[in-house]
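[1] Model the structure of this input:
(chains A and B)
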Amino acid sequence: MIEISTAPPFATVQDLGRFGHRASGVPVSGAMDPDSLRLANSLVGNAPDAAVIEWALGGGSLIFRRPLQYVVTGAVRAPRPMMAKAGDTVALAPPIHFFGRFIYVAVEGGIDVPLVLGSRSTYLPGAFGGYKGRILRVGDELPVGQSRAASSETPASAAFDSDAIRVIFGPNRATFTAQHRQQFLSTEFKVAQASDRMGYRLDGPPLAGGEWGTQLSEPVCPGAIQITASGQPIVLMPDAPTVGGYPVIGVVHSADLGRFAQRLPGEPVRFVETSL
Amino acid sequence: MLDIEPLGDRALTIRLGDSMDRALAALARGVAARLRAIPGVEEAVPGYATVTAFYNPAATSYASLASVLAPMVSPTAPEASTHAEHVIPVRYDGPDLDEVARRTGLTPSQVVERHAAGAYTVYLIGFVPGFAYLGDLDPALELPRRDQPRTRVPAGSVAIAGRQTAVYPLDTPGGWHLIGHTDTSMFDPTADPPAKLAAGDRVRFVPTTA
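    As a prediction, the model looks like this:
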C-alpha cells in the first residue's frame, strides 16, 4: 500500500490502456506517454502493462507502508530505481519542463486497483477505472500488487531520432489536397493551452483553402489529427471519443505519440510524413 | 475498387459510402463482424458509412489486410448477426420540449407522439461510452444542434438533433435538445458488453408518467 500524502493538481492511475470496447464507445485511455510507462515498469521488474501513477502539474509525496522499489520516469533528468522503507515519505519533484509534462511513478508490484473492462486506467469523463474513477487526492491509499520474481528487460527505445513527429496521411485523403498536406508539413505549430488527456489543440496558421465542416462520424483513434471547422488541428489523445465528425488529415505514428504528449503548451511541433 | 485508407500504423478504414442510410449501416456492421474473425484484427468498429479495423502490426499488416478485404465488401453480403430490440420508457419532461414544439410548429404532445412513434436503429456508438446515435428521427422534429451547448447534460436525458435521437449515458457536455428523461441505464462499466445498445439494435421509446 502507498498513500498520497501530498498530491499534485493532476495525477491518475494509468496502464497501457483499455482495448476491445471501442464498439461500445469506450476510449482506450492509458498513459499519455506509454514509452515512459514501459520503461518505469521494466526498471522495477513489473510486467510492461502494470499500472502506474501518471503525474502532472506539480510535485508531491507518497508514504510507503511496506518496503518497495520504485522509480520515476518521463519528465525527469535520469530515471533511477530507488528503495523505500516501510514508513518512508518520498518527495516527488514536479515534472521538469525541459523534459516534458508528465512523470510516471511505478512501484514494484504495480498499482493494484480493480480491473474495469480489462484495464486499470482511469477514464475521468466516465468516472471509472483507476482509483475510484477520479484524480488522486491527499489521503488516497493505493493497493500494490505482488512483486514478480522474474526480472524484465529494459524496452528498446522505439523513438524516432528527430524532433519532428511522424504522421501517416489518411483516412480522409479525398477531403484534403496535396497543397493542404504540404502546408500542414511546412507549418511549425505550437501546442495550445487547450490540451488535455482528450486532445491537444495546435496553434498556428489555420489550414487554408477548404471548408472543413463536419462529415458523417467515423471511428478515430489516439494520434488522429482532426481539422476543425476553423482550420485548426486537434491531435486526439488517449481519452478522446472513439468516433469523430471532423476530417482527419493524418495520424501520428503510435511510436511517436508519447513523445508528442510530453510537449507543453507553447512548445513547437513539426510533422514529417512517414509511410507504413 | 475498394476504398481503404490507413488510420495510423495500427488501423485502417474502409469507406463504403458517404450517406446516412440504413442499408449502408447494415453493410458496415456485416463487414465489421467478418473483420473480427481475421487473425491479427483486434477490434472492428462501424461508422455510419465506414468500418475501421484495429490490428496488431506484429501479427498482420495493412497490405495483407487490404488484399483479403475485397470479397467481404460485396453489397449483397448479408449481415449475419441478429439484433436486440429495446423498449425504453421515457418521461417527456425535458427542459427543451416547449422550445422544440415552438420551433417545429407542433404542440408538446405532438412532439412526444412523433418521437415515441419512431422505430429507431442504432447507427453507431460513440461520443462517450454507450452513446447510441439512433435514427431516423421524424423529419417534422428535425432541428440543428443548440447554438450554445450545455456544459452538463444529466445522464438519462433523451435528446434530439438533426435526424437523430439519443439517450445521454453519462453526465457530459451536450448540444442536443433535451425532450425527456429515462431511468434506464445506458452504460455500466461492470457489465459485458458495457453499453446497453449495440450498432444495429432496434429501439422504441414509450411515454411514461412514472
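
[2] Give me the helices and strands touching the helix ranked longest in chain B, please.
    Secondary structure assigned by DSSP state H gives helix B:22-35 as the longest helix of chain B. Secondary structure elements in contact with helix B:22-35, counted by 3 or more C-beta pairs under 8 Å, 6 or more residues apart in numbering or on different chains; DSSP states H and E, are strand B:41-46, strand B:50-55, strand B:120-125. Where you see a C-beta, it was placed from the backbone N, CA and C, and this is true even at glycine.

[3] So, low pLDDT: which residues of chain A?
    Applying pLDDT under 70 to chain A flags the ranges A:149-162.

[4] quick one: contacts for the most centrally placed residue in it?
    Residue closest to the average C-alpha location in chain A (C-alpha atoms, centre = their mean): A:Met32, at 0.2 Å. Going by C-beta atoms under 8 Å, 6 or more residues apart in numbering or on different chains, A:Met32 touches A:14, A:54, A:102, A:197, A:237-238, A:258, A:261-262.

[5] which one of the helices and strands packed on helix B:22-35 lies closest to A:Thr187?
    strand B:50-55 (27.1 Å; C-beta to C-beta).

[6] What pairs with that closest one, parallel or antiparallel?
    strand B:11-15 (antiparallel), strand B:41-46 (antiparallel) (DSSP bridges).

[7] residue ranges with poor pLDDT in chain B?
    Ranges of chain B meeting pLDDT under 70: B:1, B:75-81, B:210.

[8] For it, which segments count as strands?
    Along chain B, the segments classed as strands by DSSP state E run B:3-6, B:11-15, B:41-46, B:50-55, B:85-90, B:120-125, B:132-135, B:150-153, B:157-161, B:164-167, B:172-174, B:177-181, B:202-207.

[9] Make a markdown table from these and add mean neighbour count to it.
    Formatted as a markdown table, those follow (neighbours: other C-beta atoms under 10 Å in any protein chain shown):
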| stretch | mean neighbour count |
| --- | --- |
| strand B:3-6 | 18 |
| strand B:11-15 | 25 |
| strand B:41-46 | 24 |
| strand B:50-55 | 25 |
| strand B:85-90 | 16 |
| strand B:120-125 | 25 |
| strand B:132-135 | 24 |
| strand B:150-153 | 13 |
| strand B:157-161 | 23 |
| strand B:164-167 | 24 |
| strand B:172-174 | 18 |
| strand B:177-181 | 24 |
| strand B:202-207 | 16 |
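
[10] got TSV for these, with distance to B:Phe187 too?
    Shown next, in TSV, are the strands of chain B (distance: least, C-beta to C-beta, whole Å):
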stretch	distance to B:Phe187
strand B:3-6	30
strand B:11-15	24
strand B:41-46	16
strand B:50-55	21
strand B:85-90	13
strand B:120-125	10
strand B:132-135	10
strand B:150-153	14
strand B:157-161	13
strand B:164-167	10
strand B:172-174	11
strand B:177-181	16
strand B:202-207	15
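
[11] quick one: the helix or strand harbouring A:Arg181 near chain B?
    Element membership for A:Arg181 (DSSP states H and E) is helix A:178-186. No. Helix A:178-186 does not reach chain B (C-beta under 8 Å from any C-beta of the partner chain); its nearest approach is 13.2 Å.

[12] wouldn't B:Asp171 be in contact with B:Val153 here?
    Yes. The pair B:Asp171 / B:Val153 is scored as a contact, 7.0 Å apart, by C-beta atoms under 8 Å.

[13] now the spatially closest residue to A:His21 that is not a sequence neighbour: how far from A:Tyr104?
    In space, A:His21 comes closest to A:Leu117 once its chain neighbours are excluded; the distance is 5.3 Å by C-beta to C-beta, 6 or more residues apart in numbering or on different chains. In this view, A:Leu117 and A:Tyr104 are 22 Å apart by C-beta to C-beta, to the nearest Å.

[14] In terms of neighbours, single out the busier of the two.
    Ranked by neighbour count (other C-beta atoms under 10 Å in any protein chain shown), A:Leu117 and A:Tyr104 place A:Tyr104 first, with 28 against 22.

[15] for the more buried one, what are its contacts?
    A:31, A:33, A:36-37, A:39-40, A:52-55, A:72-74.

[16] What's opposite it in the beta bridge?
    So, taking DSSP bridges as the rule, A:Tyr104 has A:Glu54, A:Thr73 as bridge partners.

[17] Next one: it from A:Ile63, what distance?
    Distance from A:Tyr104 to A:Ile63, by C-beta to C-beta: 19 Å.

[18] ok, A:Leu136 touching A:Val52?
    No. Between A:Leu136 and A:Val52 there is no contact under C-beta under 8 Å: 11.9 Å.

[19] what about these two, which has more around it?
    A:Val52 (29 against 23).

[20] What parts of the stretch 101-250 of chain A come near chain B?
    Counting by C-beta under 8 Å from any C-beta, the stretch 101-250 of chain A sits next to chain B at A:116-117, A:123, A:125-129, A:168, A:170-173, A:215-221, A:223-224, A:241-244, A:248.

[21] coming back round to it: so which of the contacts of A:Met32 is surrounded by the most neighbours?
    Neighbour max across those (other C-beta under 10 Å) = A:Gln14, 30 neighbours.

[22] Dihedrals phi and psi, it?
    phi -140, psi 150 (degrees, to the nearest 10).

[23] Isn't it up against A:Val52?
    Yes. Contact status for A:Gln14 versus A:Val52: in contact at 6.5 Å, counting by C-beta under 8 Å.

[24] overlap in contacts of these two?
    A:31, A:37.

[25] which other residues reach the helix or strand harbouring A:Val71?
    Element membership for A:Val71, per DSSP H and E: strand A:68-74. Applying C-beta under 8 Å, 6+ apart, the set of residues contacting strand A:68-74 from outside is A:2, A:33, A:36-37, A:39-40, A:43-45, A:62, A:64, A:79-84, A:90, A:92, A:95, A:99-100, A:102-109, A:144, A:147, A:262.
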